[in-house]
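Asks: Sharing a model that was predicted from the sequence below.
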Amino acid sequence: MPGRQWDAASKAKVVLEGLKGRSESAICKRHRIKPAEYRRWRRQFLSNIARSLEPRRPPSEDVGHLRAGMPKKVWEESAKALRVAQELIEALPIPVFFKARDGKHLGANRAWETYFGVERDSFIGKTVNELFSAAPEVVARHKAADEALWRNPGTRSYELEVPVHDGSFRHTLNYKATFAGADGEIAGLIGAIIDITDRKRVEQRQAIEHRVARVLAESGTVADVMPEVLAAFCETLGWACGARWSLDARAGGFRCEETWRSVDNADIAAFLAESRKSIYQPGQAGFIRRVLGTGEPAWIVDVTAEKNFLRGKEAGKAGLRSAFALPIRLGDQTLGALEFFHGEEQQADEWLLKTGAAIGAQLGHFMARVQAERDLRLSEARFRSLTALSSDWYWEQDEELRLTFMSGRFVERTGIDPAPFIGRRRWERPAPNLTESDWARHKAQLERHEPFFDFEVERVSPDGVSVWLSLCGEPVFEDGKFRGYRGVGTDITDRKRAQAVLRAAYDELTRSNSELQQFAYVASHDLQEPLRMIGSYTQLLERRYGDKLDADAREFMSFIVEGATRMKQLIEDLLAYSRVGTRGKELRPVQAQGALDRALVNLRASIESSGAQITHDLLPEVSADETQLTQLFQNLIGNAIKFRKKDEPPRVHIALRDAGDEWRFSVSDKGIGIEPQYFERIFMVFQRLHTRDEYPGTGIGLAICKKVVDRHRGRIWVESAYGEGSTFHFTLHKIQKGRT
Ligand code: ADP
């Protein structure tokens with residue numbers, strides 16, 4: 001605006017901009033004025049005001065004094081400017097004051113009055129000592145600034161925290177400028193106070209938040225993060241120390257986890273150490289417990305006077321006064337709390353509590369994230385070891401059933417390169433063991449999204465070796481949508497080979513067994529016919545030509561007949577033996593007692609002729625082939641009678657014992673006994689320990705007993721003392737409820 005005409009009011013406005021804190025260069029640039037001009041206006045303005053504020057005098061005198069030596073027009077103009085300036089200053093929302101060179105207050109505007117809660121007229125003539133009588137450090141700081149100004153007139157600004165009308169401390173930017181009197185000497189200063197508390201707090205909050213955010217981003221563990229967070233609060237706000245508390249579920253209480261302190265103070269260190277040792281039970285009383293219990297922040301102005309603060313004595317010893325605590329929250333869950341201590345009394349500060357709550361929520365999210373990450377790592381590790389332990393490799397299929405992933409152990413275990421399988425469906429690669437319809441069934445199962453187990457696939461390695469895989473898989477759903485399959489695989493080649501060998505051996509065994517059965521049957525059956533011929537023709541020979549033969553020939557013929565008879569007996573016994581396997585009936589519940597009774601009936605003749613005494617326990621119901629059980633008893637009791645001592649009638653007892661899942665039957669006698677080396681052999685076919693002259697028999701009886709017990713899946717064995725008697729034991733399974 002070249003050539004602009006500046007009136008007094010406009011000049012005053014420009015100068016006031018400067019008083020409010022705008023820099024000289026900014027003002028000059030904005031209004032396109034020269035610095036020298038601006039300075040001149042300011043000088044003028046300030047000295048006008050200074051004059052107007054000199055202790056009140058009657059207006060006439062005032063005017064006379066001011067007007068002295070001034071042309072009327074100039075006077076009128078400056079009087080007008082002065083009025084405007086006064087009104088402006090009065091209306092300014094920022095506190096403005098004036099003081100004389102001796103430090104005595106000359107006056108102030110209404111904003112100053114409200115700001116400090118001091119009536120301005122009553123304060124005229126007083127000094128800063130009286131304004132801040134309770135805060136000597138504030139007085140000292142102001143005085144020092146003023147001294148500097150007197151020494152070096154001009155302007156000066158500085159920041160200072162001062163107590164205001166309600167006793168709270170506010171951050172202020174103090175702007176002071178000297179002015180000269182009519183004589184040109186420095187007469188005093190004008191001061192403007194700009195309250196920068198809000199700006200300061202925004203800065204502090206930003207500083208804390210910024211530092212916390214950086215710490216959270218950089219550190220991995222809660223234990224690393226918390227001391228840094230405590231430091232961010234304490235260092236930014238000037239608090240002495242802090243601690244984090246958490247709920248320790250195992251100890252069933254609250255525990256101090258981390259601490260931080262700003263100064264190397266042994267008493268504070270001791271206080272924090274004491275805190276770290278304490279565990280508090282949940283409840284409403286106590287500072288931290290209240291915060292953790294309610295999820296709300298708390299403030300204590302003087303911890304030494306608060307009986308709800310249990311560590312008051314220790315805190316007092318450490319020189320701590322005020323405390324505040326904020327909850328670490330995740331939604332409506334309280335995960336812990338931070339507490340801070342100040343060495344001086346601090347009034348509850350809403351702003352600080354709000355800032356704390358915001359940071360507390362941030363920490364809550366961080367802790368939840370750390371926990372979630374830990375849980376994830378844990379479950380991944382669990383999953384890894386589970387799949388590694390239960391299988392050889394892991395695989396995944398997409399929703400189109402194409403293989404998308406195969407863990408490295410596949411190639412390790414099978415020696416097959418997985419590459420040709422990736423991106424393909426299982427049935428798109430050859431598997432010699434599976435037919436078209438096998439694959440169709442598997443495919444249908446997958447299309448129904450069913451899990452599958454032990455699906456056996458034979459693959460052929462590049463060098464032509466068969467590798468058998470067993471696959472298990474389960475469908476994967478995400479938000480209810482089918483996403484494919486995942487599963488494990490195991491190399492079962494060894495098992496398959498062993499199975500094949502076993503099956504071949506089993507087949508061979510069954511074949512040779514049935515051949516043997518067949519052979520035994522055919523042999524014993526078909527041998528009887530020619531034997532009968534030998535017998536009858538020898539007898540015929542004797543009848544017709546007996547008188548023509550001499551004694552030797554007749555004796556030889558009697559040997560032939562005897563041999564044929566014995567052979568017949570052997571063949572019959574063999575037939576009976578082979579029939580245990582081929583003619584056996586199904587096992588079903590039978591009364592063992594009934595079988596025993598029948599055996600005793602069959603043995604009646606020999607019992608009577610030998611004078612045998614037979615006693616027995618009461619026998620139970622068992623699962624058996626009744627005919628064979630009868631035969632078992634008959635053979636054992638028959639032997640007990642047969643192998644008696646020459647001079648004693650046989651005494652036989654059949655005992656029963658409960659042996660858990662089975663019954664144990666024992667047939668004991670007081671007979672001739674058996675030498676231990678024969679305990680096994682006597683159960684073999686045709687094995688006998690005596691000549692036919694001593695004791696008749698073919699040596700098949702115990703072999704049949706063994707075969708019968710085997711067929712009943714029991715055991716048979718003998719205990720004996722040679723010359724004293726024998727006990728034959730055998731076991732049979734008990735009948736189980738709901739099963740025969
Ligand atoms: P056998 O009775 O036809 O000789 P077994 O197979 O029944 O055939 O018995 C085999 C052998 O076991 C008998 O020859 C006998 O030496 C011995 N033995 C069997 N039972 C008894 C017993 N109770 N006391 C002594 N020895 C026995």
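Replies: Noted; the coordinates are in hand.
Asks: which SS state does the residue nearest to L173 when sequence neighbours are not counted fall under?
Replies: Excluding the flanking residues, the one nearest L173 by Cβ to Cβ, 6 or more residues apart in numbering is I194, at 4.3 Å. For the C-beta atoms, the positions are set from N, CA and C on the backbone; glycine is no exception. Using DSSP: H, G, I helix; E, B strand; the rest coil, the structure places I194 in strand.
Asks: Q5: how many residues sit nearby?
Replies: The number of residues packed near Q5 is 6, by other Cβ atoms under 10 Å.
Asks: where does it land in three-state SS?
Replies: Per three-state DSSP, Q5 ends up coil.
Asks: repeat for N308
Replies: coil.
Asks: Let me see the contact set for it.
Replies: A285, G286, F287, R290, I300 (Cβ atoms under 8 Å, 6 or more residues apart in numbering).
Asks: Filter the residues you listed down to the ones in strands?
Replies: Among those, the residues falling in strands (DSSP state E) are I300.
Asks: And the contacts of stretch 718-737?
Replies: Outside stretch 718-737, the residues within contact range by Cβ under 8 Å, 6+ apart are 589, 592, 620-624, 632, 636, 639-640, 643, 659, 661-676, 679, 682, 705, 709, 712-717.
Asks: Go again with 7 Å.
Replies: 589, 621-624, 636, 659, 661-675, 679, 709, 712-717 (Cβ atoms under 7 Å, 6 or more residues apart in numbering).
Asks: buried residues in stretch 310-317?
Replies: Neighbour-count burial for stretch 310-317 flags L310, R311, G312, E314, A315, G316 (criterion: 16 or more other Cβ atoms under 10 Å).
Asks: Closest to the ligand out of these?
Replies: L310 (88.9 Å; Cβ to the nearest ligand atom).
Asks: can you pull the contacts of the nearest residue to the closest one once chain neighbours are set aside?
Replies: Distances taken as Cβ to Cβ, 6+ apart put G286 closest to L310, at 5.4 Å, once the chain neighbours are dropped. Going by Cβ under 7 Å, 6+ apart, G286 touches Y280, N308, L310.
Asks: Go through those residues and name the one nearest G117.
Replies: Nearest to G117 among the contacts of G286 is N308, at 31.9 Å by Cβ to Cβ.
Asks: Okay, strands next: where are they in the stretch 551-700 of the chain?
Replies: Ranges of strands in the stretch 551-700 of the chain, per DSSP state E, counting those that start in this stretch, are 588-591, 613-616, 621-624, 651-659, 662-669.
Asks: Give me the number of neighbouring residues for the closest residue to the ligand within the stretch 351-500 of the chain.
Replies: Nearest residue of the stretch 351-500 of the chain to the ligand, counting by Cβ to the nearest ligand atom: A498, 37.9 Å away. Other residues near A498 come to 11 when the count uses other Cβ under 10 Å.
Asks: Going by secondary structure, it is in what exactly?
Replies: According to DSSP states H and E, A498 maps onto helix 493-545.
Asks: and if you look at L471?
Replies: Applying DSSP H and E, one finds L471 within strand 466-478.
Asks: Sheet partners, orientation included, of that strand?
Replies: strand 452-460 (antiparallel), strand 481-491 (antiparallel) (DSSP bridges).
Asks: Would you mind listing what in the protein touches the ligand?
Replies: Proximity of the chain to the ligand (Cβ under 6 Å from any ligand atom) is limited to residues 639-640, 643, 669, 671-672, 674, 682, 688-690, 697-703, 726.
Asks: if we go to 8 Å?
Replies: 573, 635-636, 638-640, 642-643, 667, 669, 671-674, 678, 682-683, 687-690, 695-705, 718, 720, 725-726, 728 (Cβ under 8 Å from any ligand atom).
Asks: Give the buried subset of the residues you listed as a PyMOL selection command.
Replies: The PyMOL selection below is limited to those of the residues of the chain next to the ligand classed as buried (16+ other Cβ under 10 Å):
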select buried, resi 573+635+636+638+639+640+642+643+667+669+671+672+673+674+682+683+688+697+698+699+700+701+702+703+704+705+718+720+725+726+728
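Asks: which residues touch the particular helix or strand that has V411 in it?
Replies: For V411, the element it lies in under DSSP H and E is helix 409-414. For helix 409-414, contacts defined as Cβ under 7 Å, 6+ apart pick out D392, W393, D417, P418, V467, G489, D491.
Asks: what about dumping the CA coordinates of it to PDB?
Replies: This file holds the C-alpha atoms of helix 409-414, laid out as PDB (Å, rounded to 0.1, in the frame of the first residue of the first chain):
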ATOM      1  CA  ARG A 409      10.400 -83.400   4.200                       C
ATOM      2  CA  PHE A 410       8.500 -84.900   1.300                       C
ATOM      3  CA  VAL A 411      11.600 -85.200  -0.900                       C
ATOM      4  CA  GLU A 412      13.700 -86.000   2.200                       C
ATOM      5  CA  ARG A 413      11.500 -89.000   3.000                       C
ATOM      6  CA  THR A 414      10.500 -90.300  -0.400                       C
END
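Asks: Against which helices or strands is the helix or strand just after it packed?
Replies: Downstream of helix 409-414, the first helix or strand assigned by DSSP H and E is helix 436-447. When contacts are defined as 3 or more Cβ pairs under 7 Å, 6 or more residues apart in numbering; DSSP states H and E, helix 436-447 packs onto no helix or strand at all.
Asks: which residue does the stretch 451-600 of the chain bring closest to the ligand?
Replies: D573 (8.0 Å).
Asks: how many other residues sit next to E161?
Replies: E161, neighbours per other Cβ under 10 Å, totals 16.
Asks: Just give the closest residue to it, not the sequence neighbours.
Replies: That would be F169: by Cβ to Cβ, 6+ apart, it lies 4.7 Å from E161.
Asks: Find me the pLDDT at that neighbour, would you?
Replies: F169 is assigned 85 on the pLDDT scale.
Asks: Report the contact partners of it.
Replies: With contact set as Cβ under 7 Å, 6+ apart, F169 has these partners: E161, V162, P163.
Asks: Same check on N635?
Replies: Neighbours of N635 in contact, by Cβ under 7 Å, 6+ apart: G701, L702, I704, C705.
Asks: Tell me which helix or strand the spatially most central residue of the chain sits in.
Replies: Centroid-nearest residue in the chain, with Cα atoms, centre = their mean: D375, separated by 4.6 Å. Element membership for D375, per DSSP H and E: helix 350-390.
Asks: Now do that helix and strand 481-491, the angle between them.
Replies: 40 degrees (axes from the mean of the first three to the mean of the last three Cα atoms, to 10 degrees).
Asks: Can you lay out the strands of the stretch 551-700 of the chain as a markdown table showing mean pLDDT?
Replies: As requested, these are arranged in a markdown table below (pLDDT from 0 to 100):
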| stretch | mean pLDDT |
| --- | --- |
| strand 588-591 | 92 |
| strand 613-616 | 95 |
| strand 621-624 | 92 |
| strand 651-659 | 95 |
| strand 662-669 | 96 |
